[in-house]
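S.K.: Provided below for reference: sequence and predicted model.
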Amino acid sequence: MAGISVDPKKLLEAGAHFGHKTSRWHPAMRPYIHSKRGDTHIIDLVKSAENLEKALAVITQKVSEGGQVLLVSTKKQAKESVLKLAEETNMPYVVNRWLGGMLTNYNTIGARIKYLKKLEERMASGELAAKYNKLEVQRFQEEIDEMNELYGGVKEMHARPGIVFVVDILHDKNAVAEATKLNIPVVALVDTNGDPRTITYPVPCNDDAIKAIDLICDYVKQAIEAGKASRKTDKPETKKGE
């Protein structure tokens, strides 16, 4: 399976090299810092490309094995990018709020999702409209909408995803913590103020620039699609009569 090649020049054009102010840096990011420009750290994009290629290979492998990629960003400027990626790849996502236990207490979360799906089925079939008055049906619809806000992105998620992709490890530290607790590998952008040691596959990168986030999401999309394609070609052909 050929890996995806990442072009450092594209990362540069997207502004992926701009880190945070030097006063806000995390010492563990030292190996990934190229230089300083004024009071801002500059990320070494050659290392970013190398790390991203490794991460993409793992994503492709997990998807080829039938695993799902849970896409996470509750940070305002990255939500649209991650939602678009989720819709284009049909992968589970969290962009509104990370609920405690989303991964570590999936039995409880799963029960709520089961209830939501049942409620949606009853609404779609007309059962609720036949049983209740308009005001009560409206309240059921409001409950469905509220639950979709919380659980809509993970309604079709398996009990455990094969891998988790996070845009900002500080903003979504709870997602990282739960995945780590369950030994689910995490691919994440790590800016100069983050600790790459907490991430299975850290990608040194500006985690605020929308162009950089969009570019990384596009690479992740390619990795997911490659995994799906590999899954199809790896299926053994069934002989007639079997």
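M.R.: Good, I have the coordinates.
S.K.: P202 should be in a strand, yeah?
M.R.: Yes - according to DSSP: H, G, I helix; E, B strand; the rest coil, P202 belongs to a strand.
S.K.: ok, and the closest non-adjacent residue to it?
M.R.: P196 (3.7 Å; C-beta to C-beta, 6 or more residues apart in numbering). Where C-beta positions appear, they are placed from N, C-alpha and C, glycine not excepted.
S.K.: Do I have it right that that neighbour meets P204?
M.R.: Yes - contact criterion C-beta atoms under 8 Å: P196 and P204 qualify, at 7.1 Å.
S.K.: any residues in contact with both of those two?
M.R.: Overlap of the contact sets of P196 and P204 (by C-beta atoms under 8 Å, 6 or more residues apart in numbering) consists of 29, 32, 190.
S.K.: Among those, which lie within strands?
M.R.: V190 (DSSP state E).
S.K.: Distance-wise, check the residue nearest to P202 relative to I43.
M.R.: 11 Å (C-beta to C-beta, to the nearest Å).
S.K.: Kindly report the same for I59.
M.R.: Separation of I59 from I43 (C-beta to C-beta) stands at 21 Å.
S.K.: So P196 and P204 - more neighbours on which side?
M.R.: The residue with more neighbours, out of P196 and P204, is P204; 29 against 20, by other C-beta atoms under 10 Å.
S.K.: what's the neighbour count on the closest residue to the more buried one other than its chain neighbours?
M.R.: In this structure, P204 finds its nearest non-sequential neighbour in Y32, 3.8 Å apart by C-beta to C-beta, 6+ apart. By other C-beta under 10 Å, the residues close to Y32 number 23.
S.K.: Please name the residues that touch Y32.
M.R.: So Y32 contacts 43-44, 47-48, 190, 192, 196, 204 (C-beta under 8 Å, 6+ apart).
S.K.: In CSV: those, plus pLDDT and secondary structure.
M.R.: Putting these into CSV (pLDDT from 0 to 100; DSSP: H, G, I helix; E, B strand; the rest coil) gives the following:
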residue, pLDDT, secondary structure
I43, 98, strand
D44, 97, coil
K47, 97, helix
S48, 98, helix
V190, 98, strand
T192, 97, coil
P196, 97, helix
P204, 98, strand
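S.K.: Counting neighbours, which of the residues you listed end up buried?
M.R.: Buried members of the contacts of Y32, counted by 16 or more other C-beta atoms under 10 Å: 43-44, 47-48, 190, 192, 196, 204.
S.K.: Relative to E121, which of those residues is nearest.
M.R.: V190 (41.8 Å; C-beta to C-beta).
S.K.: Pull the contacting residues for the closest one.
M.R.: 29, 32, 169, 196, 199, 202-205, 207.
S.K.: what's across from it in the sheet?
M.R.: For V190, the beta-bridge partners under DSSP bridges are P204.
S.K.: From R197, how far out is it?
M.R.: Distance from V190 to R197, by C-beta to C-beta: 10 Å.
S.K.: shaky segments in this structure?
M.R.: 1-2, 233-242 (pLDDT under 70).
S.K.: Just send the shared contacts of P196 and P204 back as CSV, with distance to T180 too.
M.R.: Listed next are the shared contacts of P196 and P204 as CSV, based on distance: C-beta to C-beta, whole Å:
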residue, distance to T180
M29, 19
Y32, 20
V190, 14
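S.K.: Do a quick rundown of the helices in this structure.
M.R.: 8-13, 45-64, 76-89, 106-125, 127-131, 134-151, 173-181, 210-234 (DSSP state H).
S.K.: what angle do the third one and helix 45-64 make?
M.R.: Which is helix 76-89. Using axes from the mean of the first three to the mean of the last three C-alpha atoms, to 10 degrees, the inter-axis angle of helix 76-89 relative to helix 45-64 is 40 degrees.
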